[in-house]
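J.: with the input below, show me the fold.
(one chain, ligands or ions: 1)
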Amino acid sequence: MPIYEYKCDICGQVFEKLIFSSGDEKKTLCPKCGDKKVRRLMSATGILGTSCAKAPRGFS
Ligand SMILES: [Zn+2]
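T.: Numbering: from 1, shown residues only. The predicted structure is shown next:
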């Protein structure tokens, strides 16, 4: 199950949410102000970690 990082458009709060299904994503609310105007950030914390810092070997 992916953990997505979200940012609230209203208060700027950044939070992570575990998504079980596509329906969960539509129900995502800001934990701080409760607004649903949140946007998903590109980074997926807890999945990529620091491994993306390594360059793939043999790839030029
Ligand atoms: Zn908020």
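J.: what's the one helix or strand in the chain whose mean pLDDT sits lowest in contact with?
T.: In the chain, no helix or strand scores lower on mean pLDDT, DSSP states H and E than helix 22-26, which sits at a mean of 79. Residues from elsewhere that reach helix 22-26, judged by Cβ atoms under 8 Å, 6 or more residues apart in numbering: 4, 17, 19, 40. For glycine as for every other residue, the C-beta is placed from the backbone atoms N, C-alpha and C.
J.: dump the residue contacts of the third one.
T.: In this case it means Ile19. Applying Cβ under 8 Å, 6+ apart to Ile19 gives the contacts 1-4, 25.
J.: now do 6 Å
T.: Neighbouring residues of Ile19 by Cβ atoms under 6 Å, 6 or more residues apart in numbering: 2, 4, 25.
J.: what do you get for the last one?
T.: Residues in contact with Arg40 (Cβ under 6 Å, 6+ apart) are 4, 6.
J.: ramachandran angles for Glu5?
T.: When read as degrees, to the nearest 10, the backbone of Glu5 gives phi -100, psi 130.
J.: Arg57 versus that one, what's the distance?
T.: Separation of Glu5 from Arg57 (Cβ to Cβ, to the nearest Å): 28 Å.
J.: can you pick out the residue with more neighbours from the two?
T.: A direct count of neighbours by other Cβ atoms under 10 Å for Glu5 and Arg57 places Glu5 higher, at 16 against 6.
J.: give me the nearest residue to the more buried one, chain neighbours excluded.
T.: The spatial neighbour of Glu5 that comes closest, neighbours along the chain excluded (Cβ to Cβ, 6 or more residues apart in numbering), is Leu41 at 4.3 Å.
J.: quick check: pLDDT value at the one you found.
T.: pLDDT for Leu41: 91.
J.: repeat for the one 4 residues further on
T.: In the prediction, the pLDDT value recorded for Thr45 is 50.
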